[in-house]
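Asker: Predicted model and sequence follow; I will ask about them next.
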Amino acid sequence: MPRLDMVDTSNNNGTMTVANWRSMKKYGVRAMVAKLSEGIFFTDQTAKTSIRNAVVSGLHVNGYHFARFTTVAGAKAEAQMAARSAFNAGLGKDAVIVLDFEATNLGWSRNSANIKAWVAEVKRMGYPKTDVYTMGSWTNSMPLNNAGRGGWIANYPSNPAGLKFYGSYMGWQWTSTHKFPGCYGGFDVSQMYSSYYYGTATKAIKPKKAIYYRYNPKMIYARTTINRYKDVAFKQKVDSFPAGTVFAIAKVIIYGKITRFQLANGYYITSNLANVNRLYYAVNGGVKQVKSVRGSHRYKDVSLHHVVDWQPAGTHFDVAKVVKYGDTSRIRLANGMFISGNKKINGFVK
């Protein structure tokens, strides 16, 4: 039988887990292509997690967009959709962004103009590696050349054993119904003839060790959605707050080998640095430069009572010193003026 070099997935397969990908690797799978988007109306919500889990499993990762366009303008709009979806799904510049072209065949001239417009726009949006996927009967209806060896072609013979179709192309998708142990449903699998789709890093990513606050930062803001709980074990959820929400911390509570933050109302939230961050710069934090987020006042005094002027959003400030002020901090500038040490007002640069 042909090799199982690459698998493409979509929401039809569900979200692919690390266990799924590792099962596939045992049978020779080296790369995956996740459906990213379709037309200008659909984004595949399974792509991001499936891609992340594939990276963790040591696979090369890529993405595809299902074409619905019939004009150059439509092709450009869908290319922007594809590139944004690729970025949001976590694909880097080494990933191949594939145009799945199998909906409407308008003949060589119009197909060529539309496909070239799509490819050019995807590259302009920051993804230099592209390819075109289509069925075998359409290969003479569109430009497939990509650095001398373009195109990923689908053709499903009843008995593929011993066959090597489309050897001059990037790859041959030889079935859409292959079964893998521990994985739901049938999968599209391909035998690849070049390393073009193997450009992304495949070293399995080890999860970072969680770091928890061991001191009370007094004020923190949420990096991610934060749940509040009645109990320190986090079994009785009360409600949730979006990223950016500010919390005043009453206590740091030891919970086994980690900690929790307790609020003044007795509820508990996480103290994991991946989820929360101290709101004010630390005196010994080593910050050297900040940037105004929405515009910042400069003050004569550390209490921030006497305004000197207003600096617009985007203004960079060189930090002379971070000064503690109660449970907060101030940033002293080289000219002796002060600005707020609140990170949501003056964001970290270096």
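Answerer: That came through fine.
Asker: Only C-alpha atoms from now on, for both contacts and neighbour counts.
Answerer: Noted.
Asker: just the helices in the chain please.
Answerer: Applying DSSP state H to the chain gives helices spanning 18-25, 47-56, 72-88, 108-124.
Asker: Tell me how many other residues crowd the residue nearest to Thr139 when sequence neighbours are not counted.
Answerer: Excluding its sequence neighbours, the residue lying closest to Thr139 (CA to CA, 6 or more residues apart in numbering) is Ile153, at 7.9 Å. Other residues near Ile153 come to 24 when the count uses other CA atoms under 10 Å.
Asker: wait, what's in contact with Ile153?
Answerer: Neighbour list for Ile153: Tyr133, Thr134, Met135, Gly136, Thr139, Tyr166, Tyr169, Gly171, Trp172, Gln173 [criterion: CA atoms under 8 Å, 6 or more residues apart in numbering].
Asker: got a winner among these for most neighbours?
Answerer: Neighbour counts for the contacts of Ile153 (other CA under 10 Å) peak at Trp172, which has 29 neighbours.
Asker: Could you measure from Gly326 over to Asn346?
Answerer: Relative to Asn346, Gly326 is positioned 18 Å away (CA to CA, to the nearest Å).
Asker: Equivalent analysis for Asn105, please.
Answerer: The gap separating Asn105 from Asn346 is 53 Å, by CA to CA.
Asker: okay, those two: which has more neighbours?
Answerer: Neighbour comparison, Asn105 and Asn346: the larger count goes to Asn346, with 26 against 13 (by other CA under 10 Å).
Asker: Just confirm the more buried one contacts Gln289, I think it does.
Answerer: No - using CA atoms under 8 Å, Asn346 is not in contact with Gln289, being 9.4 Å away.
Asker: Burial check on Thr49, number of neighbours?
Answerer: For Thr49, using other CA under 10 Å, the count is 16.
Asker: For it, which non-adjacent residue is closest in space?
Answerer: Thr15 (6.7 Å).
Asker: And the pLDDT for that neighbour?
Answerer: Per-residue confidence for Thr15 comes out at a pLDDT of 93.
Asker: So it is in contact with Ile51, correct?
Answerer: No - when contacts are counted by CA under 8 Å, Thr15 is not listed as touching Ile51 (9.3 Å).
Asker: So which of those two has more stuff around it?
Answerer: A direct count of neighbours by other CA under 10 Å for Thr15 and Ile51 places Ile51 higher, at 27 against 19.
Asker: and that one, what is it in contact with?
Answerer: Ala34, Val61, Ala89, Gly90, Leu91.
Asker: again with Asn227
Answerer: Lys237, Val238, Asp239, Ser240, Phe241, Ile269, Thr270 are the contacts of Asn227 under CA under 8 Å, 6+ apart.
Asker: Show the contacting residues for Ser37.
Answerer: Ser37 is in contact with Thr43, Asp44, Tyr64, His65, Phe66, Met81, Ala82, Ser85, counting by CA under 8 Å, 6+ apart.
Asker: Grab the nearest non-local neighbour of it.
Answerer: Thr43 (4.3 Å).
Asker: Can you read off the pLDDT for the one you found?
Answerer: For Thr43, pLDDT reads 94.
Asker: who's in contact with the residue lying closest to Ala210 once chain neighbours are set aside?
Answerer: By the measure of CA to CA, 6+ apart, the closest residue to Ala210 outside its immediate chain neighbours is Asn272, 6.6 Å from it. Neighbour list for Asn272: Ala210, Ile211, Tyr212, Tyr213 [criterion: CA under 8 Å, 6+ apart].
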